[in-house]
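A.B. asks: Got a predicted model here, sequence first, then my questions.
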Amino acid sequence: MATNDKLQISIRSARVNAGLNMEEASKILGVHVNTLRNWEKDSTNIEYHMAKKMAELYKVSDEFLFFGKDTTISCK
């Protein structure tokens, strides 16, 4: 759970839920596909205007998008 105790979704999950592949989303966002790929791994440095653009494209509130590093959860 995010530190602000709100349920959040990764930008990759939001893109997938919106039915977009990386090529489609990157074209609409106006960035190279490798840029989007890198952001989906570590979105800590995305500029505010791009975060808003992603939220609009993926049809989610920017409050519910998780911006940070992609981590792996290990269950033991």
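C.D. replies: Alright, I've got the coordinates. Residues are numbered from 1 along each chain as shown.
A.B. asks: For burial, what's the neighbour tally of the residue nearest to residue 9 when sequence neighbours are not counted?
C.D. replies: Once flanking residues are discounted, residue 9 sits nearest to residue 64: 5.9 Å by C-beta to C-beta, 6 or more residues apart in numbering. (Glycine included, C-beta is placed from N, CA and C.) Neighbours of residue 64 under the rule other C-beta atoms under 10 Å: 14.
A.B. asks: cool, residue 14 as well?
C.D. replies: Count around residue 14 with other C-beta under 10 Å applied: 22.
A.B. asks: Also residue 45?
C.D. replies: As a burial measure, residue 45 scores 8 neighbours (other C-beta under 10 Å).
A.B. asks: On the three-state scheme, it is what?
C.D. replies: Using DSSP: H, G, I helix; E, B strand; the rest coil, the three-state assignment for residue 45 comes out as coil.
A.B. asks: Which pLDDT value goes with it?
C.D. replies: pLDDT recorded at residue 45 is 82.
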